[in-house]
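[1] would you be able to build a 3D model of this:
(2 chains)
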Amino acid sequence: MSTPGGIGGRQPKAVLSALVVLEEVAACGPGVSAREISRNLAMPRATAYRLLNLLVQQEYLVRTPDLSGFALGSKVTELAGMATPAPLPVAALEVLEQLRGNIRGGVHLAGYLRTGTTRPRVRILDADPDYPIEHEQMITSDLTTSAIGRLALAESDAQARRLGYALQVDELRPGSGCLTVPIRDRRGTLIAGLTLSTTSARLRDLGDALGLLTPGRERLEAAFTDR
Amino acid sequence: MNPRGSALDQAIADPPPVTGVRDTSPMSGLHRRSLGFPGLLAQSVSAIAPCAAAATIPAMLVTASGDGALWAAVLGAGLTLPVAAAINQFTKRVATAGSLYTFTAKGLGTTAAFLCGVGMILGYAFIAMYSLANIGLQLSNLLAALGFGTGVLVPVLCVLGCGTACAVVMLRGVRVSARLSLLVESVAVAVLVGLVVVLFLGQGRQPIARDLLAPQHLSFAGLVTGVVIAITAFVGFESAASLSVEARRPFAAVPRVLIWSPIATGVLVVAATSVQTTGFRAAGVALDQDSAPVHALSSFYGVGWISPILDCGVAASFFACALASSTALVRVLLSMGIDGVLPAAMSRTHPKFRTPHLAIGVSMPIVTAVPLVLLAVGVTSKTAVGILLVVSAGGYVLAYTLVCLAVPFFLRRIGEFTLGPAAVALAAAIGLAGCLLVFLGTEWRGPRSAGVWLFLLGVALGLAAFRRARQRGALLVGTHDTPIGAEVLGGAATVPGDRGPE
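    Below is the predicted model of the structure:
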């Protein structure tokens, strides 16, 4: 690194070379060694080692525990503009397990990004293994079709938001529906939704259904904010 | 998945898991990824204690090397830089609390690593003791100058207070201690720079005595001893490496700190040596008799009022040094505990503060008790306190020699061997080894020979403890901070169980 403070505009070759090295590590798979990189790219060894170290320093690459191999760091997803979902806290998984043990019906956890904007994003964080989600593609792409999506859309609608839950009955599959309650972080932003997927008959007694989810919702909020 | 996408796109869309990566690292008990660059810089700078060094080392250099004092300072600074470059071959690749001890393990294996660890423990512990003893001495001198007599109670209490304060601050967390040390050290350095500027201006036309630039009577042994003493001005620069687990981007930040802190200190120490040694001649200060030669200098140049301020600065600098050295010491002990070389209790960390509380509890009482006892029984001559410095210097230089020697073997082992860094490291190792031998030989024949005996005793005890630990079972030495699942694109290859503290 000859320029203190980073690569200057006069060294575009270094930037391109670093990206080429990154691409090569991705192509070779995790654990590739420095010598293999320099051989595959026909790059002088000192240059390859220097670029690899630079990428490790900036955390785009990590060294494998034995120190002689390289793997892509999670920071490269910033290059792709996509956030990788962080693993769920253990406490959250425990809450979900307990709920699933006590409730007859599917208990799923969905995660939300960019709530409150015009294009919120939904993904399924943890689906109930005993009650597979049938229309996952539709749920994540068309938010109006499911309770999960509707909760995200409700963030922009004050009246719907005051309701405190989202509901879908008989619309995707006759005889069944789902109910989603919000899980918020400390600042009140919607970050996840706890969903109960069950028969329409059970959902008609809304108070009962909400009562099943509320204790779990509170514990999940605690689990997420403790993180 | 787009088949025409680049390998990077495909890897991001469908990341392959990485074997060997877990959800936690062996050093997850510490507060990983929490400390920024200023905190690391504070740690290294405080451990160096530039103010205390620049105020006290020049006098020692003149005593050891006579006319060669300035050259000893320059050579000492010059030798530290290749050592820093060699250590950086490790710090840009490996993060660990064990610092040089783990690095040596990666290159030279178990026995050499343990020897390096013993050197580091002796180095850090004894310089912390030396610093605390000096605080007590400064206070005694101040009290005597103010006419409060020469009782030992107040200095003893002061040392006890400082030791306790260090322990508490270290327990509370590394960011607290880093901020405190930086504040203290900055103020102290500012005062010293002020003094150097004043002395320089006061020296007028002939700022550097010609004898210093081209010394006439120079003994080789004297010069080498001076070089080692000059190196003791810089020791501690590597201590940011022991915070690499807690640093935010360790592979970028730690190497930078390790190069810049000796450069900055080098400029300060060489400048201070130059103006002070010139000043000593002009003022006719008798260094072997005067306990505070810098005071004599400042009164000679008409700035006597700066002396008490400088004393406070030096005392503060010594406190920061004790704090920083102890911070590094307990992390080396932690790392040895994780490796099984020391009892596993050493590897425990406080659940809330994420600091090595048991290592602190074991080491701080000893580090505080030794200077306390010395002060209490009145064994406080320059010689007595200097013995502590000899042991520390021996420990540090031993550790540096071993880690420099480990560099070529490490680079070969991970398949990144290039001739340049290996040659520099080897040259530094040979230089240091030579200096160490000459230094120990010279000190052995001098008034501080007890220091050499203590050093050798420490090394022997350490090796004996090591052999006993080895007999209890095979040792896997060199545990470092491995990346955790969340930092790697593919995540952990094993099913995530309990994530544990991160």
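[2] for chain A, which residues score under the pLDDT cut-off?
    Residue ranges of chain A with pLDDT under 70: A:1-12, A:78-86, A:227.
[3] what ranges do the strands span in it?
    Here chain A has its strands, by DSSP state E, at A:61-63, A:70-72, A:106-113, A:121-126, A:166-169, A:176-184, A:190-199.
[4] any chance of CSV for those, columns mean neighbour count?
    Every residue, glycine included, has its C-beta placed from N, CA and C. Shown next, in CSV, are the strands of chain A (neighbours: other C-beta atoms under 10 Å in any protein chain shown):
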stretch, mean neighbour count
strand A:61-63, 26
strand A:70-72, 26
strand A:106-113, 22
strand A:121-126, 17
strand A:166-169, 20
strand A:176-184, 24
strand A:190-199, 23
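[5] any chance of those in TSV, plus distance to residue B:65?
    As requested, those are exported to TSV (distance: least, C-beta to C-beta, whole Å):
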stretch	distance to residue B:65
strand A:61-63	44
strand A:70-72	48
strand A:106-113	66
strand A:121-126	68
strand A:166-169	81
strand A:176-184	69
strand A:190-199	66
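[6] around chain B, pick out the residues from chain A.
    When proximity is defined by C-beta under 8 Å from any C-beta of the partner chain, chain A lies next to chain B at A:22-24, A:26-27, A:29-31, A:33-35, A:45-46, A:49, A:53, A:56-59, A:62-68, A:71-74, A:76-77, A:79-80, A:82, A:84, A:86-87, A:89-90.
[7] helices of chain A, residue ranges please.
    Using DSSP state H, the helices of chain A run over A:12-28, A:34-40, A:45-57, A:76-80, A:90-102, A:136-141, A:147-154, A:158-163, A:200-204, A:206-226.
[8] return the set of buried residues in the last one.
    When neighbours are counted by 16 or more other C-beta atoms under 10 Å in any protein chain shown, the buried residues of helix A:206-226 are found to be A:209, A:212-213, A:216-217, A:219-221, A:223-224.
[9] against which helices or strands is it packed?
    Under the contact criterion of 3 or more C-beta pairs under 8 Å, 6 or more residues apart in numbering or on different chains; DSSP states H and E, helix A:206-226 touches helix A:90-102, strand A:176-184, strand A:190-199, helix A:200-204.
[10] for the first one, same thing?
    Under the contact criterion of 3+ C-beta pairs under 8 Å, 6+ apart, helix A:12-28 touches helix A:34-40, helix A:45-57, strand A:70-72, helix B:7-13.
[11] coming back round to it: can you flag the buried ones in the residues of chain A next to chain B?
    So, by 16+ other C-beta under 10 Å, the buried ones in those are A:22-24, A:26, A:30-31, A:33-35, A:45, A:49, A:53, A:56-57, A:59, A:62-65, A:67-68, A:71-74, A:76-77, A:84, A:87, A:89.
[12] tell me the domain boundaries of chain A?
    Following automatic domain parsing, one gets these domains for chain A: A:11-80, A:85-226.
[13] before we move on, the earlier item: which of the helices and strands packed on helix A:206-226 sits closest to residue B:401?
    Distance to residue B:401, taken as C-beta to C-beta, is lowest for helix A:90-102 among the helices and strands packed on helix A:206-226, at 45.9 Å.
[14] summarise which helices and strands the closest one is packed against.
    Using 3+ C-beta pairs under 8 Å, 6+ apart, helix A:90-102 is in contact with strand A:106-113, strand A:121-126, helix A:206-226.
[15] what parts of the stretch 251-400 of chain B come near chain A?
    Contact residues (C-beta under 8 Å from any C-beta) of the stretch 251-400 of chain B with chain A: B:251-252.
[16] how much space between the residue lying closest to residue A:140 once chain neighbours are set aside and residue B:455?
    The shortest distance from residue A:140 to any non-neighbouring residue, by C-beta to C-beta, 6 or more residues apart in numbering or on different chains, is to residue A:122 (5.1 Å). Residue A:122 is 66 Å from residue B:455, where distance means C-beta to C-beta, to the nearest Å.
[17] can you check residue A:226 too?
    Relative to residue B:455, residue A:226 is positioned 49 Å away (C-beta to C-beta).
[18] again with residue A:165
    Taken as C-beta to C-beta, the span from residue A:165 to residue B:455 is 72 Å.
[19] comparing those two, which residue is more hemmed in?
    Counted by other C-beta atoms under 10 Å in any protein chain shown, residue A:165 and residue B:455 do not tie: residue B:455 has more neighbours, with 25 against 22.
[20] the strand or helix carrying residue B:52 packs against which elements?
    Assigned by DSSP states H and E, residue B:52 falls within helix B:50-65. If you count contacts as 3+ C-beta pairs under 8 Å, 6+ apart, helix B:50-65 packs onto helix B:69-91, helix B:174-202, helix B:220-234, helix B:250-283, helix B:293-300, helix B:306-339.
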